[in-house]
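*Asks:* Fold the stuff below for me.
(2 chains)
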2 protein chains.
Amino acid sequence: MSTWSEAGPRTVEQHAAAVAALLPPTGIETVPLAEASGRVLAEDLTAGVALPPFDNSAMDGYAVRAAELAGASEDAPREFPVAADVPAGRTDVPALEPGTVARIMTGAPVPEGADAIVPVERTDAGTERVRIGAAPEPGAFVRRAGEDTTAGAVLLTAGTVLGAPQIGLASAVGRPVLPVRRRPHVLVLSTGSELVAPGDPLEPGQIYESNGTMLAVAVREAGATAEQLSFVPDDVERFRAVLADRVSDGVDLVITSGGVSAGAYEVVKDAMTGHGVEFGKVAMQPGGPQGCGRLELGGATVAVATLPGNPVSALVSFEVFVRPALRAAMGHPAPGRPVVTARLAGELASPAGKRQFRRGVLDAATGTVGEIGSTGSHLIAALARADCLIDLSAETTSVADGQPVAVWLLEA
Amino acid sequence: MSTWSEAGPRTVEQHAAAVAALLPPTGIETVPLAEASGRVLAEDLTAGVALPPFDNSAMDGYAVRAAELAGASEDAPREFPVAADVPAGRTDVPALEPGTVARIMTGAPVPEGADAIVPVERTDAGTERVRIGAAPEPGAFVRRAGEDTTAGAVLLTAGTVLGAPQIGLASAVGRPVLPVRRRPHVLVLSTGSELVAPGDPLEPGQIYESNGTMLAVAVREAGATAEQLSFVPDDVERFRAVLADRVSDGVDLVITSGGVSAGAYEVVKDAMTGHGVEFGKVAMQPGGPQGCGRLELGGATVAVATLPGNPVSALVSFEVFVRPALRAAMGHPAPGRPVVTARLAGELASPAGKRQFRRGVLDAATGTVGEIGSTGSHLIAALARADCLIDLSAETTSVADGQPVAVWLLEA
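*Replies:* Model prediction:
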């Protein structure tokens, strides 16, 4: 079997598959409803009770026997004794004796024997006796038990992303907790002895760390959990020691940025080559130099994806390879970014044989997209003003003004 | 001035404006970068340093004086002593003496005197002396200081929603914290003595609480913070006491659900009428009975929005009135849901004079939307399978198959 570097550059699809293969589906955990937002349901949700659980009133009014009001009208009302008062929540509702009615509130159980509700507006609203000027059809304003769902029915299927309505539904059928896929835990490292923490003074030759913070935020926005490790100097032994220290069964993935190109002092590459992680090129721009594998550290292994060090390369690589893999591991039904087609405003040239991801701003009103900044992978200011990536296939060498392009939507 | 109930139903726009007026812009707080995701930037972000902060190498290779390589080629290489080794992060880089080159890594500062970088691939990669087979243009592979941004430039304007790229940019220019709008704090109450906590046994006539949990999740999904109060029985004095107990300067809004329709036992209405909160009808379905105002509780007041008790009515009301107001208070540039136009699959009838929000499922591929469930405001199972609201204007009485309708996208 030839190695990656011998075999030549991978396509984007090949490397995406290699990274995804490192992240099998996470296990199932049970969380309280209040913590289920954004999570993916791991098992079908079945109704523990019917909804509504019992016949109940859709209006404030009077529970009646419809037959006893046949022929009644505003001009010819009928009068009944009010035999009971049924607020919502009353659990000891007496059956309705013939010739009587019960005052009833919205949501309250319909008494046995009653088969229709007359809204209070069609009555004189009496509390001892009431005059009713309407002849309801049987079933009028009665919400039948099981009308929304029957007990035992499948309400939501495994793989559903949970939000307020789904969580409300689970609560309505009596579920205080839900089974969801566990969030993957990601260790984010950025390497480089040139890196200084924001807020500290900058010496000539140094830059502020940004990849670690940016990638940790991106991991959390993808729905996973992130732990950011403080800067690791470009020292292979120390790098391996820090990793071995921190990696445990609870880490699903290690992401690094930087240290993987062709030069000397490539700490990530030097620390991982020959230990389960392969490095090579992917036919894309930005983000050509990539690596991934299961790093052997003593007896354990941990999944690793090594991203390039330029901030634009790092974030684009995260979007293309890591984010979909993390979301797929969580069972997300749509792990990728939404992709739309827009017409290009302006022209773009792209190198043959490399898939390019340019930073763009989409004008949804006109369906057009324009490039922001240029191809430089160090241009993070432009990246921060982009709201999409323009995806140019490896076969594309130029796109004329007004031509359709694929656009990945990056919501903030 | 006539009261709301005397003046007749409000339009959706009128009530939305009334609720929004209760929530002025929140104050500014400073948060660490790792906590800024999803927040709205409260002040322009200016660059504390230029990016890049110094001229640096775009490649691993050699820093040279371009003029000294004029005419060099693969067939006619030139040889130079390697006078220095410049890894990224080196802060004491010596100036380049004429007739020498410096080995340099990506991101490392270009030595004074050097004006171009030759990639290592165009050399024999020597460390003492190096043979270079290329004649670079001046400036080749040099990233100029300030190329991405100059110091003092405005990088992001107030009102920008912060995500990974924006937070990465702030870090890159040395900002460890960012000023953002404070999240509003919302107290969520659901009222009703028929309500039982999920997981507890259900007596006949009782239902499981779902609105409080659903609305608290919806508040958090909108970016605010929520505190859910345990069930308040339908008892006015106790209701006011619980509110007075919990409301403090830290609460921006109280949301209730239920207790506002025309019947007896309307605890929310009874507890708030005459104390700063007005109740009335909004010309919409579901969600006709609404109320809002500044509730007087002893000497203090607190903003209140009272939502109807049916779960579908409660969530639609939240979407239409509360969510946009909360997001506007946080400075969000697009407080409403994204609205698209789709063609209706099937037919819909809608009452004249009432704006209807039907639950829908959008097929983005074909640009069509179909109703799910029906108009019953107790049908939460259908709500939980919807991914959008179909917005039918008050003037609409019917929509034919294939006609365009406005659709509010509800992302989970």
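
*Asks:* residues from the stretch 301-412 of chain A in reach of chain B?
*Replies:* By CB under 8 Å from any CB of the partner chain, the residues of the stretch 301-412 of chain A that approach chain B are A:309, A:311, A:315, A:376, A:378-386, A:410-412. (Each C-beta comes from the backbone N, C-alpha and C, glycine too.)

*Asks:* again, only this time at 7 Å
*Replies:* Within reach of chain B by CB under 7 Å from any CB of the partner chain, the stretch 301-412 of chain A has these residues: A:311, A:315, A:378-381, A:383-384, A:412.

*Asks:* Can you give me the end-to-end span of stretch A:107-127?
*Replies:* 19 Å (CA to CA, to the nearest Å).

*Asks:* in it, what's buried?
*Replies:* Neighbour-count burial for stretch A:107-127, counted by 16 or more other CB atoms under 10 Å in any protein chain shown, picks out A:107-111, A:114-120, A:122-123, A:125-126.

*Asks:* How far away from the center of its chain is it?
*Replies:* For stretch A:107-127, the separation from the chain centroid amounts to 44 Å (computed by CA atoms, centre = their mean, to the nearest Å).

*Asks:* can you check stretch A:85-94 too?
*Replies:* Stretch A:85-94 has its average C-alpha position 42 Å from the chain's average C-alpha position, going by CA atoms, centre = their mean.

*Asks:* Send me that stretch as CSV with only the CA atoms.
*Replies:* Provided in CSV are the C-alpha atoms of stretch A:85-94 (Å, rounded to 0.1, in the frame of the first residue of the first chain):
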residue,chain,number,x,y,z
ASP,A,85,-68.2,23.9,37.6
VAL,A,86,-65.3,22.4,35.8
PRO,A,87,-62.1,24.4,35.7
ALA,A,88,-59.0,23.1,34.0
GLY,A,89,-57.2,20.6,36.2
ARG,A,90,-60.3,19.3,38.0
THR,A,91,-59.7,15.6,38.5
ASP,A,92,-63.0,14.7,40.1
VAL,A,93,-65.5,15.7,37.4
PRO,A,94,-68.9,14.3,38.0
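
*Asks:* is that stretch anywhere near chain B?
*Replies:* Yes. Counting by CB under 7 Å from any CB, chain B is contacted by stretch A:85-94 at A:87-91, A:93.

*Asks:* Identify the farthest-apart pair in the residues of the stretch 301-412 of chain A next to chain B.
*Replies:* Spanning the widest gap among these are A:H378 and A:A412, at 21.6 Å by CB to CB.

*Asks:* Which of those two has more residues huddled nearby?
*Replies:* Between A:H378 and A:A412, counting by other CB atoms under 10 Å in any protein chain shown, A:H378 is the more crowded of the two (23 against 17).

*Asks:* Which pLDDT value goes with the residue lying closest to that one once chain neighbours are set aside?
*Replies:* Leaving aside its sequence neighbours, A:H378 sits nearest to A:N310 (CB to CB, 6 or more residues apart in numbering or on different chains; 5.2 Å). With respect to pLDDT, A:N310 has a value of 87.

*Asks:* Identify the residue nearest the residue in chain A sticking out farthest from the centre in space, chain neighbours excluded?
*Replies:* Each residue of chain A has a distance to the centre, and by CA atoms, centre = their mean the biggest one is for A:A76: 59.0 Å. Nearest residue to A:A76, sequence neighbours excluded (CB to CB, 6+ apart): A:G133, at 7.5 Å.

*Asks:* A:A218 too?
*Replies:* The spatial neighbour of A:A218 that comes closest, neighbours along the chain excluded (CB to CB, 6+ apart), is B:A164 at 3.8 Å.

*Asks:* Counting neighbours, what do you get for that neighbour?
*Replies:* For B:A164, using other CB under 10 Å, the count is 26.

*Asks:* right, and it touches A:V217 too?
*Replies:* Yes. With contact defined as CB atoms under 7 Å, B:A164 counts as touching A:V217 (4.4 Å).

*Asks:* and for those two, which residues touch both?
*Replies:* The contact sets of B:A164 and A:V217 do not overlap (CB atoms under 7 Å, 6 or more residues apart in numbering or on different chains).

*Asks:* A:H332: which element?
*Replies:* Using DSSP states H and E, A:H332 falls within no helix or strand.

*Asks:* contacting residues for it?
*Replies:* A:40, A:161.

*Asks:* Quick one: the strands in the stretch 301-412 of chain A, in order.
*Replies:* Under the criterion DSSP state E, counting those that start in this stretch, the stretch 301-412 of chain A carries strands at the ranges A:339-345, A:348-349, A:355-363, A:368-371, A:388-392, A:398-399, A:404-409.

*Asks:* okay, the angle between the third one and strand A:339-345?
*Replies:* I take that to be strand A:355-363. Strand A:355-363 and strand A:339-345 are oriented at 80 degrees to each other (axes from the mean of the first three to the mean of the last three CA atoms, to 10 degrees).
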